[in-house]
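1. after the sequence you'll find the predicted model.
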Amino acid sequence: MRGNDDDESGTVGIGGPRALRSFVEDAFFGEERPLFNLKSKSLRPLCRIEATEEAVTVTFDLPYVEKNDISLTSTENTLQIEAKMRKAITLRVGGGVQRHVEFERYTGIVRLPTTVQPEKAKATFRNGLLRVKFPIAKKGNRVRIR
Amino acid sequence: MSRAGSSVQITELETMAKLSRPNVIVGIPETGLVGTIATSYLVDHLGLPEIGHVESDLLPQVVVVHDSEPKDPIRIFGKGMLAVVVSEVPLTAKLSYQLASELVIWSKAKQSKMVIGITGLPSEARVESAGDSIPMVLAVTNDGDLRKSIKAIGAEPFQHGMITSTYATLLRRCTSLGVPNLTLLAESFAEFPDPGAAAAALQVLNKLLPIAVDVKPLLDGAEEIRLGMRGLMSQTQQTIQQQTAQTTPGVYR
């Protein structure tokens, strides 16, 4: 699904042939959208959060990332990610006249839906998908019903 | 083509006249962007020319300029016995219904052999295996003969469940107007663009239609597509979340 005139310089098109490049990131996801940070030239990864009674699992989509280039930091309520891409990728951004911006990494911080045990987190990374699973912290006082 | 009471019109270019009883393949941004990725790739791979587009006051008021040329967000490509409808914007509920209805009326007027919808089906197994699992493609059709050969084309019959939004209206309207419909649902990630699921759906299409689409470049370029379609995926997720509460009967939530 190439079709970008800048392919040789490592530019990524939006997918599809030239006529079919999706413009949504450009047109609707202008600079005010939080999908990327222009100041730090980083992308916010797409993320999925699932919570069961026992665990919270956060999944990140991280194309162009290798396992050893990921750094994770967590607290009881947040998960922070930094991941370097194996090559700089140029995307077109901007709501009006577009410009090319080179991105080299992903950064993001996720607020977890409940309090977890960060020291017991387990992470796996395969095919560019990072999954981090936290057991939920068992806290609170039992309330007796009389 | 334009009808009173509808705010969706299909504008045809002269080249559309060359269509001959086409199979109409529809790709709308929904689960895993499977439909959009599959149909975009199909258009690109087969080099299908643009033959029309959709106009509607329900579309965002945006013109996108690529290489000095303004483009519409929902376009129709095709030649001969194949027409491919590709949307690059997620659809609101009203636009989704009206677009699906108009596409079926248009397909009938073109004496379409079949309307084929391609989309994704959220799969936990696919997420848990980080995409290693081979996506199963489920199929549902209103055509009795085709229903008997679903396994022969490499799909599994969709036994019980519910199809929602654009693809549901396409199927319903096809049934009421007597147009054969096949809806392919490839197991996919829900929140991330899933080129692997799109490839699985295209492989089913390869067995159904006289096309020979090599999906290897699609799979090889998966990272590029995943990165390039993040914006559309994010926007689609927001649209789906807004609509799920409005359109899904409580018993199915």
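-> Sure, I can see it. Numbers count the residues shown, from 1 in each chain, chains lettered A, B, ... in the order given.
2. now chain A, which segments are flagged as low pLDDT?
-> Under the criterion pLDDT under 70, the flagged ranges of chain A are A:1-34, A:94-98.
3. pull out the buried positions in the longest strand along it.
-> When secondary structure is assigned using DSSP state E, the longest strand within chain A turns out to be strand A:78-93. Buried positions in strand A:78-93, judged by neighbour count with 16 or more other CB atoms under 10 Å in any protein chain shown: A:Leu79, A:Ile81, A:Ala83, A:Lys84, A:Met85, A:Ile89, A:Thr90, A:Leu91, A:Arg92, A:Val93. C-betas here are computed from N, CA, C, even on glycine.
4. quick check: the last one touching A:Phe36?
-> Yes: taking contact to mean CB atoms under 8 Å, the distance of 6.5 Å between A:Val93 and A:Phe36 places them in contact.
5. any residues in contact with both of those two?
-> Counting by CB atoms under 8 Å, 6 or more residues apart in numbering or on different chains, the shared contacts of A:Val93 and A:Phe36 are A:Val101.
6. who touches the residue nearest the centre of chain A in this structure?
-> Within chain A, one residue has its C-alpha closest to the average C-alpha position: by CA atoms, centre = their mean, that is A:Pro45, at 1.5 Å. With contacts taken as CB under 8 Å, 6+ apart, A:Pro45 has the following neighbours: A:Phe60, A:Asp61, A:Leu62, A:Ile81, A:Ala83, A:Tyr106, A:Gly108.
7. what of A:Met85?
-> Contacts for A:Met85 (CB under 8 Å, 6+ apart) come out as A:Tyr64, A:Val65, A:Asp69, A:Phe103, A:Glu104, A:Arg105, A:Tyr106.
8. after the longest strand of chain A, which helix or strand is next? Please name it.
-> For strand A:78-93, the succeeding helix or strand toward the C-terminus, using DSSP states H and E, is strand A:99-111.
9. and which of the contacts of A:Pro45 is nearest B:Lys110?
-> B:Lys110 has its nearest neighbour among the contacts of A:Pro45 in A:Asp61, at 38.1 Å by CB to CB.
10. could you give the number of residues near that closest one?
-> Using other CB atoms under 10 Å in any protein chain shown, A:Asp61 is surrounded by 24 other residues.
11. just B:Phe158 next, same as before
-> Using other CB under 10 Å, B:Phe158 is surrounded by 18 other residues.
12. what about it, distance to B:Glu124?
-> Here the criterion is CB to CB, to the nearest Å. By it, B:Phe158 lies 17 Å from B:Glu124.
13. B:Ile28 too?
-> Distance of B:Ile28 to B:Glu124, computed by CB to CB: 23 Å.
14. neighbour count for these two, which is higher?
-> The residue with more neighbours, out of B:Ile28 and B:Glu124 and counting by other CB under 10 Å, is B:Ile28; that gives 29 against 10.
15. that one contacts B:Thr36, doesn't it?
-> Yes: the pair B:Ile28 and B:Thr36 passes the contact test of CB under 8 Å, sitting 7.0 Å apart.
16. please enumerate the shared neighbours of these two.
-> Here B:Ile28 and B:Thr36 have B:Ser87 as joint contacts, going by CB under 8 Å, 6+ apart.
17. once you drop chain neighbours, what's closest to B:Lys18?
-> Residue nearest to B:Lys18 in three dimensions, not counting chain neighbours: B:Lys79, with 6.1 Å by CB to CB, 6 or more residues apart in numbering or on different chains.
18. what count of nearby residues applies to the one you found?
-> Residue crowding around B:Lys79 was assessed by other CB under 10 Å; the count is 18.
19. check contacts around it.
-> Taking CB under 8 Å, 6+ apart as the criterion, B:Lys79 is in contact with B:Thr15, B:Lys18, B:Leu19, B:Leu48, B:Pro49, B:Ile51.
20. what's the closest non-adjacent residue to B:Ser96?
-> In space, not counting the residues next to it along the chain, B:Ser96 is nearest to B:Thr166; the distance is 4.5 Å by CB to CB, 6+ apart.
21. A:Glu76 too?
-> The spatially closest residue to A:Glu76, leaving aside those adjacent along the chain, is A:Thr115, at 4.8 Å (CB to CB, 6+ apart).
22. was I right about that neighbour contacting A:Ala137?
-> Yes: look at A:Thr115 against A:Ala137 with CB under 8 Å: they come within range, at 4.5 Å.
23. can you check which residues contact both of the two?
-> Both A:Thr115 and A:Ala137 are in contact with A:Glu76, where contact means CB under 8 Å, 6+ apart.
24. for chain B, give me the ranges with low pLDDT.
-> Screening chain B residue by residue with the criterion pLDDT under 70, one finds the ranges B:1-5, B:64, B:66, B:244-253.
25. residue in it nearest to chain A?
-> Chain B approaches chain A most closely through B:Gly231 (2.5 Å), counting by CB to the nearest CB.
26. wait, that residue touches A:Leu43, no?
-> No: contact status for B:Gly231 versus A:Leu43: not in contact, 10.5 Å apart, counting by CB under 8 Å.
27. so B:Val179: helix, strand or coil?
-> Following DSSP: H, G, I helix; E, B strand; the rest coil, the label given to B:Val179 is coil.
28. surely it touches B:Gly117?
-> No: here B:Val179 lies out of contact with B:Gly117, judged by CB under 8 Å, at a distance of 12.0 Å.
29. residue ranges of the helices in chain A, please?
-> Taking DSSP state H as the criterion, chain A carries its helices at A:24-27.
30. count of residues packed around the closest residue to A:Lys67 other than its chain neighbours?
-> With sequence-adjacent residues excluded and distances taken as CB to CB, 6+ apart, A:Lys67 is closest to A:Phe125, at 4.6 Å. A:Phe125: 18 surrounding residues under other CB under 10 Å.
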